[in-house]
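> curious how this folds, go ahead:
(chains A and B)
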Number of protein chains: 2
Amino acid sequence: MVNITTPLRIGYVLFPAFTALDVFGPLNVLNLISITHNMTLSLVSTDLKPVSVDRSIVDGIPGGMLASSASPNFTQFVLPTHTFDTAPDFDVIIVPGGAGSRNINGTKPHVDWLRQRMDDPELDYMMAVCTGTSLLARTGKIAGRNATTNKAAFNWVKTVEHAEDVNWIAKARWVVDGNLWTSSGVSAGTDMTLGWIEKLYGRNESERVRNLMEWNALNQTDDPFAEYYGLV
Amino acid sequence: MVNITTPLRIGYVLFPAFTALDVFGPLNVLNLISITHNMTLSLVSTDLKPVSVDRSIVDGIPGGMLASSASPNFTQFVLPTHTFDTAPDFDVIIVPGGAGSRNINGTKPHVDWLRQRMDDPELDYMMAVCTGTSLLARTGKIAGRNATTNKAAFNWVKTVEHAEDVNWIAKARWVVDGNLWTSSGVSAGTDMTLGWIEKLYGRNESERVRNLMEWNALNQTDDPFAEYYGLV
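Sure, this is the predicted structure:
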């Protein structure tokens, strides 16, 4: 158990073509835990326009990122609650992944905002799911830290600016290095969030929520996907 | 493998306070499979206004449904693409669950629309995730059929109108009865969708997508949650 602010102030960063499950898996955990533990959630982006959900996290598809424009009927949107200018202080910031993380110019405002917030003394946890870790790497502020990311996109993430300074862990469902929590791809973000809830509120609470979600969890060191993608 | 329409026309029904993961888990599967298999997605509701995501699927909380108004900062919204009046024909309709399914008056238009669509000869599959099965039960059109639903809310679902005519299966990750596919709670919907993709496009495709999502699946008959909630 740790000393935590009440209400716990959670901020989620959204960029175009983020992976919905990277956000809504962890949010299901947080929604359920928020019934008994006071917390607020903000969805933060460059402006308040609807942010598109990505169609693909696939590596190696010609063109790299499959924009939602490829299939206008197959797009979902989420509405932010704050802009980078209006976002309040947070105790934890969570960065999702998704095809949109490969749009280096498009996510520059997000990286700039993250770089600034990582110096905020009120920030207790910085978390990233899937290729969201690439945005953290690009801030230059996780040099020398242990981190992991999406296994299908592992080798791509290692090519972004400042990524060579990060100690990438190939086989891990998620990695904890001080206040930095990073997970493997997509579904792993929900396992990491359950692990974080266990740290904050204890195992009974994380298990209660997992059972409500009927979620089949993997533990922190269980990672069959590192092997599947030939990373170990 | 089955004979399937191209493009496969998928419709998701949204009601206020649906569980986001019931939608975005299966949609992650469908988004990824849509790269190689042509399909369209429609999100259908009473009107085109943003539909709120629920805060809770919890059974037994005083008041039953925890409305998002309880915590205005902790609400997400999704934008529909069609209304019940403008929705096209579908090959498959998917119904999510969530706290909002307990709002019997609020979901009456959805049940009425589903009842009508269940007579559509073009409809090949009717699927429900979590307490979404309660809406199908209320149509009166799954009498005598095998079905399952959320395990924490299992006994509540059995109280809705016409539920007594359904053959409820307590221990199952998901249940297939002809064109009717119903899953257990929340995360089980994603396992069911992977099972459905296996039936449509084969095991290689469902496994490829599961690995891209780094999803830790349970099989159709694996259901530790039925026991956890004392249903078996």
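
> check what pLDDT A:Thr19 gets.
pLDDT recorded at A:Thr19 is 89.

> got the contact list for the closest residue to it other than its chain neighbours?
Of all residues beyond its chain neighbours, the one nearest A:Thr19 is A:Gly98 (3.6 Å), with distances taken as CB to CB, 6 or more residues apart in numbering or on different chains. All C-beta spots, glycine's among them, are computed from the backbone N, C-alpha and C. Residues near A:Gly98 by CB atoms under 8 Å, 6 or more residues apart in numbering or on different chains: A:Phe15, A:Ala17, A:Phe18, A:Thr19, A:Asp22, A:Val53, A:Asp54, A:Ile57, A:Cys130, A:Thr131, A:Gly132.

> element containing A:Val175, please.
strand A:174-177 (DSSP states H and E).

> check whether the helix or strand just after that strand comes near chain B.
For strand A:174-177, the following helix or strand on the C-terminal side (DSSP H and E) is strand A:180-183. No: shown here: strand A:180-183 not in contact with chain B (CB under 8 Å from any CB of the partner chain), separated by at least 9.0 Å.

> quick one: average pLDDT of strand A:180-183?
Strand A:180-183 comes out at a mean pLDDT of 98.

> so the next helix or strand after it, near chain B or not?
Moving toward the C-terminus from strand A:180-183, the first helix or strand encountered (DSSP H and E) is helix A:188-201. Yes: using CB under 8 Å from any CB, helix A:188-201 reaches chain B at A:Ala188.

> need the contact partners of helix A:188-201.
Residues contacting helix A:188-201 (CB under 8 Å, 6+ apart): A:1-2, A:4, A:8, A:21-22, A:25-26, A:28-30, A:33, A:37, A:96, A:125, A:127, A:129-130, A:173-174, A:176, A:181-183, A:205-206, A:209-210, A:213, A:215, A:217-220, B:214.

> hang on, isn't A:Leu48 packed against A:Thr83?
Yes: if you go by CB atoms under 8 Å, A:Leu48 and A:Thr83 touch, sitting 6.3 Å apart.

> okay, strands next: where are they in chain A?
Secondary structure of chain A by DSSP state E: the strands cover A:8-13, A:39-45, A:51-52, A:77-78, A:82-83, A:92-95, A:125-128, A:146-147, A:167-168, A:174-177, A:180-183.

> just checking, what packs against the fifth one?
Strand A:82-83 sits against strand A:39-45, with contacts defined as 3 or more CB pairs under 8 Å, 6 or more residues apart in numbering or on different chains; DSSP states H and E.

> got the angle between the strand it packs on and strand A:8-13?
Using axes from the mean of the first three to the mean of the last three CA atoms, to 10 degrees, the inter-axis angle of strand A:39-45 relative to strand A:8-13 is 20 degrees.

> then strand A:39-45 to PDB, C-alphas only?
The C-alpha trace of strand A:39-45 is given here as PDB (Å, rounded to 0.1, in the frame of the first residue of the first chain):
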ATOM      1  CA  MET A  39     -11.000   9.400  -8.200                       C
ATOM      2  CA  THR A  40     -11.400  11.700 -11.200                       C
ATOM      3  CA  LEU A  41     -10.600  11.000 -14.800                       C
ATOM      4  CA  SER A  42      -9.700  13.500 -17.500                       C
ATOM      5  CA  LEU A  43      -9.200  12.700 -21.200                       C
ATOM      6  CA  VAL A  44      -6.600  15.100 -22.600                       C
ATOM      7  CA  SER A  45      -5.800  16.000 -26.100                       C
END
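
> pLDDT below threshold where in chain A?
Within chain A, the ranges that satisfy pLDDT under 70 run A:1-5, A:55-77.

> try it again at 90.
A:1-10, A:16-17, A:19-20, A:24, A:27-28, A:30-43, A:48-82, A:99 (pLDDT under 90).

> before we move on, back to that, quick one: the strand holding A:Val175 near chain B?
No: residues of strand A:174-177 contacting chain B under CB under 8 Å from any CB: none, with a closest distance of 11.0 Å.

> neighbouring contacts of that strand?
Outside strand A:174-177, the residues that reach it (CB under 8 Å, 6+ apart) are A:145-148, A:169, A:181-184, A:188, A:191-192, A:195, A:220.

> now, of those residues, which are buried?
Buried by 16 or more other CB atoms under 10 Å in any protein chain shown: A:145-148, A:169, A:181-184, A:188, A:191-192, A:195, out of those.

> and which of these is nearest to B:Ala137?
For these, the minimum distance to B:Ala137 (CB to CB) is 32.5 Å, reached by A:Asp191.

> so the closest residue to A:Val51 other than its chain neighbours versus B:Thr81, what's the distance?
Of all residues not flanking A:Val51 in the chain, A:Leu14 sits nearest, at 4.3 Å (CB to CB, 6+ apart). Going from A:Leu14 to B:Thr81 by CB to CB, to the nearest Å gives 20 Å.

> circling back: out of the contacts of helix A:188-201, list just those in helices.
Among the contacts of helix A:188-201, DSSP state H puts A:Leu21, A:Asp22, A:Gly25, A:Pro26, A:Asn28, A:Val29, A:Leu30, A:Ile33, A:Glu205, A:Ser206, A:Val209, A:Arg210 in helices.

> how many neighbours does the nearest residue to the second one once chain neighbours are set aside have?
Spelled out, that is A:Asp22. Distance criterion CB to CB, 6+ apart; nearest residue to A:Asp22, sequence neighbours excluded, is A:Pro96 at 3.5 Å. If you count neighbours by other CB atoms under 10 Å in any protein chain shown, A:Pro96 ends up with 30.

> isn't A:Pro96 right up against A:Gly11?
No: assessed by CB under 8 Å, A:Pro96 is found out of contact with A:Gly11, at 11.9 Å.

> and the closest residue to A:Thr83 other than its chain neighbours, how far from A:Tyr229?
Residue nearest to A:Thr83 in three dimensions, not counting chain neighbours: A:Asp47, with 5.5 Å by CB to CB, 6+ apart. Distance, A:Asp47 to A:Tyr229, by CB to CB: 36 Å.

> for the two, indicate the residue with more neighbours.
A:Tyr229 (20 against 10).

> torsion angles phi and psi at that one?
With angles defined as degrees, to the nearest 10, A:Tyr229 sits at phi -90, psi 10.

> so A:Ala128 sits against A:Ile94, correct?
Yes: in terms of CB under 8 Å, A:Ala128 counts as a neighbour of A:Ile94; the distance is 7.3 Å.

> between those two, tell me which one has more neighbours.
Legend: neighbour count by other CB under 10 Å for A:Ala128 and A:Ile94, higher for A:Ala128 (31 against 27).

> what residues are up against that one?
Contacts of A:Ala128 by CB under 8 Å, 6+ apart are A:Ile94, A:Val95, A:Pro96, A:Gly97, A:Leu135, A:Leu136, A:Ala147, A:Thr149, A:Trp181, A:Thr182, A:Ser183.
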